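Asker: Fold the following and give me the result.
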Amino acid sequence: MRSGSPTGKILGSAPVPVTGSWDTFQDIDVPLRGAPKKATELFLVFKGGDGALYDVDDFELSNSPVDKTAKRVLVFSKTGGFRHDSIPEGVAALKELGKGSNITVDSTEEAGQFTTSNLARYDAVVFLSTTGDILNADQKKAFENFVSTGGGYMGVHAAADTEYDWEFYGGLVGAYFSSHPEIQPATVRVENHDHPATAHLDEAWDRTDEWYNYRTNPRDKAQVLATLDETTYKGGTMKGDHPIAWCQTYQGGRSFYTGLGHTKESYAEPEFRAHLLGGLRYAAGQVKANCKPDTGYRSIFNGKTLEGWKQAGPGKFDVVDGELRSEGGMGLLTYQAKELKSYSLTLDWKMTGDDNSGVFVGFPESDDPWSAVDNGYEVQIDATDTADRTTGAIYTFKSADLKARDRVLRPPGQWNSYEIKVKGERLQVFLNGAKINDFTNTDPARSLKDGYIGLQNHGPDDHVSFRNIQLKELPST
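Answerer: You can find the predicted model right below:
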């Protein structure tokens, strides 16, 4: 936009995006600066390379000042593989949501819009159920520059089924798609209620969708906002730690991903629309959120189901009033989601009388509970036995400090708390805050440097309960 003549003072400029068709129009805002106070002629001046065809449909001048709080987002829905029939509903929903939140939403399936100058117009780019390879090398470079200079990214559903050979994108989306079962109801469990995408949700969110499994778990590099409870549907393959929505800061930019949104019906659901809007506002930089990976304690028992846990051997654990209660045996309930290295495990336990149980650590994955006995170590729970077989002992290997233990041990019928800390080959046990055992492994066959954790259901006459089971992973030695 020039004043006075086609070569006069430039009042403002903007790139003309490649819309993909002569009849596909897109609004372009051009802020004007230094406009003369007197009446003057205005000239729209265009330039481009060979074949740069464009069509100006209409334009209008506004005396409204530029709204510095307004955001602009580009929704990109090109597909190089499977195409979701919910894409039009998704585009419409994002435009409606943006309109009510001072976010202008443009949409395109034209990869030619991925240029440095055009992307600079936007605060975020949404990959809406994109699939396959959709950008060339120059377009990828422009998008990488956009993110590294503070741009936002939002991935919806099949955005994880996109650009498998582009390392930058794999890090940005957080995890690639692996497989999915049939569309069915499931329970989403919200881990973080502080993020705008999940602040409105209850702890349990029951809905129907196509539930993705992922090739990797993003928990180590992203803030997990919500997970899938694999006990509530068929076809989950992530062993009970199944993130389905997460966010992160990535190479200078913001990233939000949700695995929800396969069906057309999703985009009419109020709770899902609010979930999308929260992600959109974060990605666009309209609101802030803590998206650093959670390095503190996290709950690994949800108090509702056995999500993340697997029973081996006879007997079982029942979930009652937010507790795990042993029944029968001898069996082992293993936290199967991850093999652990260095960590701190905290939990509450309670015996009803002279009962027997224990917490096993450092054993290999197995469907045989005796594998944990033969290859790992048991932190014992038992009111009456020899010193190396009672509460706080490393069973048959090292007695607890009995004086320290007895000062803090609460009797059967009351809750006690363990912290079990494993670093390298060192195993420390704390009872109700007091250190009662410090053991170092020297047997390579029982190495504590990696292994699983599990809870023992000892036998039909032993009744022990567990609750508040939390895990904190520590730097490996």
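Asker: Am I right that S255 sits in a helix?
Answerer: No. The assignment for S255, made by DSSP: H, G, I helix; E, B strand; the rest coil, is strand rather than a helix.
Asker: Show me the beta-bridge partners of it.
Answerer: Going by DSSP bridges, S255 is paired in beta bridges with Y153, Q248.
Asker: contacting residues around it?
Answerer: Counting by C-beta atoms under 8 Å, 6 or more residues apart in numbering, S255 makes contact with 152-155, 172-174, 222, 247-249, 283, 291. Where you see a C-beta, it was placed from the backbone N, CA and C, and this is true even at glycine.
Asker: next one: D229
Answerer: Counting by C-beta under 8 Å, 6+ apart, D229 makes contact with 186-189, 204, 242, 302, 304-305, 307.
Asker: was I right about R273 contacting K95?
Answerer: No. If you go by C-beta atoms under 8 Å, R273 and K95 don't touch, sitting 11.9 Å apart.
Asker: Relative to Q26, how far out is G4?
Answerer: According to C-beta to C-beta, to the nearest Å, G4 and Q26 sit 28 Å apart.
Asker: Please identify which of these two sits among more neighbours.
Answerer: Legend: neighbour count by other C-beta atoms under 10 Å for G4 and Q26, higher for Q26 (15 against 12).
Asker: what's the helix or strand of the chain with the lowest mean pLDDT packed up against?
Answerer: Of all helical and strand segments in the chain, the minimum by mean pLDDT, DSSP states H and E falls on strand 42-43, at a mean of 92. With contacts taken as 3 or more C-beta pairs under 8 Å, 6 or more residues apart in numbering; DSSP states H and E, strand 42-43 sits against strand 2-3.
Asker: Neighbouring strands - and their directions - for the strand it packs on?
Answerer: Going by DSSP bridges, the partners of strand 2-3 are strand 9-10 (antiparallel), strand 42-43 (antiparallel).
Asker: now these in CSV, with distance to R410 and mean neighbour count?
Answerer: Listed next are the strands paired with strand 2-3 as CSV, based on distance: least, C-beta to C-beta, whole Å; neighbours: other C-beta atoms under 10 Å:
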stretch, distance to R410, mean neighbour count
strand 9-10, 78, 13
strand 42-43, 82, 14
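Asker: Could you dump those strands into a markdown table with distance to T440 added?
Answerer: Formatted as a markdown table, the strands paired with strand 2-3 follow (distance: least, C-beta to C-beta, whole Å):
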| stretch | distance to T440 |
| --- | --- |
| strand 9-10 | 73 |
| strand 42-43 | 81 |
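Asker: nearest to K350, of those strands?
Answerer: strand 9-10 (75.8 Å; C-beta to C-beta).
Asker: pLDDT of the closest one, averaged?
Answerer: The pLDDT scores in strand 9-10 average 94.
Asker: again, but for stretch 141-148
Answerer: Computed over stretch 141-148, the mean pLDDT rounds to 98.
Asker: just stretch 64-73 next, same as before
Answerer: Here stretch 64-73 scores 89 as its mean pLDDT.
Asker: How about residues contacting that stretch?
Answerer: Here stretch 64-73 makes contact (C-beta under 8 Å, 6+ apart) with 29, 31, 94, 98, 102-106, 121-126, 154, 280, 283-286.
Asker: Which of those fall within helices?
Answerer: Mapping the contacts of stretch 64-73 onto helices (DSSP state H) picks out 94, 98, 280, 283.
Asker: give the contact list for the second one.
Answerer: Spelled out, that is G98. Neighbours of G98 in contact, by C-beta under 8 Å, 6+ apart: 71, 73, 104-105, 280.
Asker: Among the residues you listed, which ones are in strands?
Answerer: 71, 73, 104-105 (DSSP state E).
Asker: Please list only the buried members of those.
Answerer: 71, 73, 104-105 (16 or more other C-beta atoms under 10 Å).
Asker: JSON lines please, covering these and showing distance to F143.
Answerer: Shown next, in JSON lines, are those (distance: C-beta to C-beta, whole Å):
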{"residue": "K71", "distance to F143": "18"}
{"residue": "V73", "distance to F143": "14"}
{"residue": "T104", "distance to F143": "20"}
{"residue": "V105", "distance to F143": "18"}
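Asker: Y297: which of the strands paired with strand 2-3 is closest?
Answerer: Closest to Y297 of these is strand 9-10 (C-beta to C-beta; 57.1 Å).
Asker: before we move on, back to that, contacts for the least confident helix or strand of the chain, please.
Answerer: 1-6, 8, 11, 61.
Asker: what do you get if the cut-off is 6 Å, keeping everything else the same?
Answerer: Here strand 42-43 makes contact (C-beta atoms under 6 Å, 6 or more residues apart in numbering) with 2, 6.
Asker: And stretch 420-427, by the same measure?
Answerer: The contact list for stretch 420-427 (C-beta under 6 Å, 6+ apart) reads 342-345, 361, 379, 428-429, 439-441, 448, 477.
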